[in-house]
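Participant: Build me a model:
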Amino acid sequence: MNLMMLVLFMLIWAYAIGVFYRKKQSFFFFFVGCVGLFVFLFIVLEPVLTAPLAKAVCYMTGLVGKMTGVFSAYSSYGILFIEAQSGPVSLYVDFECAGLVEILVYVCLLLFFQAYKWYEKIFVGVAGVLGIVAANVLRLVVICIIIHFGGNDVYYLAHTIVGRFVFYLFTITLYFYVFTRRQIRQQRVGEFEYNDKND
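Facilitator: Below you'll find the model as predicted:
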């Protein structure tokens, strides 16, 4: 997408969310706002942040590997080198492993989620992004440990099933506490209001 198309897209998007905001169409304001902002940020940031983020995740994962002696990281190349019992296995930390999509989705949802004040969004946003990065590191550590003991034969199980389960379990928990729980605490139905005064 060239610059002119991107600017045109952003102008249409800004106009649309402005209309939805003035008309108090909360759902469309939230939906169009999140999707449009995600598309824009992904187009702009993906070429710039994917490689550095992948290297950073690889480096942090390598710190755990260094402590355990199970695997080592070559973060400048984005490669994890696993000492498996059946022989050495290398794992390339690529676009998927960087976690950029998950981070952008979280940030876009949070920015248009109206249950937080702006200063709360900053705190919750930073904490959530750090949590997603930490979950991604944990996912890679789990994958490396499984491959260390099971060898290349368990690569698919470790990467596609167990690793994703670990990562998405954390993500679902994060979304529950940041979005669902917050919304429940602020909702009011008739004379009933749920709050945390007695928590």
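Participant: quick one: pLDDT of residue 185?
Facilitator: Per-residue pLDDT puts residue 185 at 78.
Participant: for residue 199, same thing?
Facilitator: Reported pLDDT for residue 199: 48.
Participant: Extract the C-alpha set from stretch 76-86 and format it as CSV.
Facilitator: C-alpha atoms of stretch 76-86 as CSV (Å, rounded to 0.1, in the frame of the first residue of the first chain):
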residue,chain,number,x,y,z
SER,A,76,21.4,-11.4,16.2
TYR,A,77,20.2,-14.2,13.8
GLY,A,78,17.0,-14.9,15.7
ILE,A,79,17.9,-18.6,16.2
LEU,A,80,17.5,-20.9,19.3
PHE,A,81,19.9,-23.8,19.3
ILE,A,82,18.5,-26.7,21.3
GLU,A,83,20.7,-29.6,22.6
ALA,A,84,18.2,-32.4,22.1
GLN,A,85,18.9,-35.9,23.2
SER,A,86,18.5,-37.1,19.6
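Participant: buried ones in that stretch?
Facilitator: 78, 80, 81, 82, 84 (16 or more other CB atoms under 10 Å). Just so you know, the C-beta spots here come from the backbone N, C-alpha and C atoms, and that holds for glycine as well.
Participant: dump the residue contacts of the first one.
Facilitator: By that I understand residue 78. 51, 54, 55, 58, 92, 93, 94 (CB atoms under 8 Å, 6 or more residues apart in numbering).
Participant: Apply 6 Å and report the result again.
Facilitator: The contact partners of residue 78, taken as CB atoms under 6 Å, 6 or more residues apart in numbering, are 54, 55, 58, 93.
Participant: related to what we said a few turns ago, save the buried residues of stretch 76-86 as JSON lines, and put in distance to residue 127 and pLDDT too.
Facilitator: As requested, these are arranged in JSON lines below (distance: CB to CB, whole Å; pLDDT from 0 to 100):
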{"residue": "78", "distance to residue 127": "26", "pLDDT": "88"}
{"residue": "80", "distance to residue 127": "26", "pLDDT": "91"}
{"residue": "81", "distance to residue 127": "32", "pLDDT": "90"}
{"residue": "82", "distance to residue 127": "31", "pLDDT": "90"}
{"residue": "84", "distance to residue 127": "35", "pLDDT": "82"}
